[in-house]
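Participant: I would like the atomic coordinates for the input below:
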Amino acid sequence: MVPAYLADPPVLVFVVLPTVLAVLFVWAVAATGGAALRAAALTLIWMGGTLALADRGVFRNWDATPPPFALLVVALLVVGFWIAFSSTGQRLATGLPLWALVGVQAFRLPLELAMHALVSRGIMPEQMSYSGRNFDVVTGATAIVVAVLVTAGVAGRRLVMAWNILGLGLLVNIVVVAILSTPKFAAFGPDRLNVFVFYPPFVWLPAVLVLAALAGHLIVFRALRRA
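Facilitator: Alright, predicted model coming up:
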């Protein structure tokens with residue numbers, strides 16, 4: 001992989017955004033009456049563990065069956081659904097305002113801008129940016145608009161539901177593109193491989209940012225069902 005440096009702003013985004021989301025998650029758990037210390041400990045273990053495994057090169061091993069990175073993808077899906085449909089997800093869905101649950105997904109706007117910048121640096125393949133097959137920037141940009149409309153009392157349940165379905169669909173799209181871009185499939189050619197997520201800090205893209213987006217959409221569905 002092309003060398004990446006934390007002093008480079010687009011690279012630093014992959015440290016700052018996961019950290020901010022982790023802090024917001026723990027705060028939200030505390031604000032809704034959950035076990036904040038437990039949430040903080042589990043979050044630190046998850047983030048520290050995935051970062052350590054990436055640093056040791058574990059996710060670069062594609063000769064193993066199944067590949068360790070495939071296990072990471074399965075694990076983040078399990079954790080995402082567990083968070084959303086556990087008692088923690090219930091408290092977040094009922095204890096936080098709908099505009100906040102929508103607005104937090106705005107993190108995907110700066111994320112997509114950073115990902116696009118990584119393409120020009122040769123770190124990330126083009127198909128994973130909005131100049132290729134990734135349209136998740138739409139979710140991040142519209143999250144701000146929809147959150148404002150909800151706060152103003154203009155947007156109702158139907159608009160939020162439509163936005164949430166769109167956002168989840170765009171998330172699934174880029175996850176599929178990312179998986180097809182791994183060395184196991186190389187669907188877009190051997191010179192356009194998705195290997196940067198095997199290294200720190202980029203491993204937090206799937207391990208934290210995709211996880212947060214998935215759990216966030218599922219919690220919004222729970223909130224809408226409540227409404």
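Participant: show me where pLDDT drops low in the protein?
Facilitator: Counting by pLDDT under 70, the chain shows low-confidence ranges at 227.
Participant: ok, and what's touching stretch 110-120?
Facilitator: Stretch 110-120 is touched from outside by 4, 9-11, 13-14, 17, 124-126, 128-132, 134, 136-137, 140, 196, 209, with contacts defined as Cβ atoms under 8 Å, 6 or more residues apart in numbering. Every C-beta, even on glycine, is put in place using the N, C-alpha and C of the backbone.
Participant: what subset of the residues you listed is buried?
Facilitator: Taking 16 or more other Cβ atoms under 10 Å as the criterion, what is buried in those is 4, 10-11, 13-14, 17, 124-126, 128-130, 132, 134, 136-137, 140, 196, 209.
Participant: for Leu6, grab phi and psi.
Facilitator: Backbone torsions for Leu6, taken as degrees, to the nearest 10, come to phi -60, psi -20.
Participant: Val15 versus that one, what's the distance?
Facilitator: Going from Leu6 to Val15 by Cβ to Cβ, to the nearest Å gives 7 Å.
Participant: out of the buried ones among the contacts of stretch 110-120, which are inside helices?
Facilitator: Among the buried ones among the contacts of stretch 110-120, the members found in helices (DSSP state H) are 10-11, 13-14, 17, 137, 140.
Participant: verify the stated contact: Arg157 with Arg225.
Facilitator: No. At 9.9 Å, Arg157 and Arg225 do not qualify as touching, with contact defined as Cβ atoms under 8 Å.
Participant: between the two, which one's more packed in?
Facilitator: A count of neighbours by other Cβ atoms under 10 Å puts Arg157 above the other of Arg157 and Arg225, at 13 against 10.
Participant: return the backbone torsion pair for that one.
Facilitator: Main-chain torsions, Arg157, degrees, to the nearest 10: phi -60, psi -40.
Participant: any idea how far Val148 is from it?
Facilitator: 16 Å.
Participant: hmm, back to that, what touches both of Leu6 and Val15?
Facilitator: Pro201.
Participant: who's more crowded, these two?
Facilitator: A direct count of neighbours by other Cβ under 10 Å for Leu6 and Val15 places Val15 higher, at 15 against 11.
Participant: quick one: contacts for that one?
Facilitator: Neighbouring residues of Val15 by Cβ under 8 Å, 6+ apart: 6, 201, 204.
Participant: going by distance to Arg108, which of those wins?
Facilitator: Trp204 (14.0 Å; Cβ to Cβ).
Participant: who touches the closest residue in space to the closest one that isn't next to it in sequence in this structure?
Facilitator: Leaving out its chain neighbours, the residue that sits closest to Trp204 by Cβ to Cβ, 6 or more residues apart in numbering is Pro18, at 4.2 Å. Counting by Cβ under 8 Å, 6+ apart, Pro18 touches 47, 201, 204, 208-209.
Participant: dump those into JSON lines; add distance to Trp62 as well.
Facilitator: Output for the contacts of Pro18, formatted as JSON lines (distance: Cβ to Cβ, whole Å):
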{"residue": "Met47", "distance to Trp62": "24"}
{"residue": "Pro201", "distance to Trp62": "21"}
{"residue": "Trp204", "distance to Trp62": "20"}
{"residue": "Val208", "distance to Trp62": "22"}
{"residue": "Leu209", "distance to Trp62": "22"}
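Participant: closest to Ile144 out of those residues?
Facilitator: Top of the list for closeness to Ile144, among these and by Cβ to Cβ, is Leu209 at 17.2 Å.
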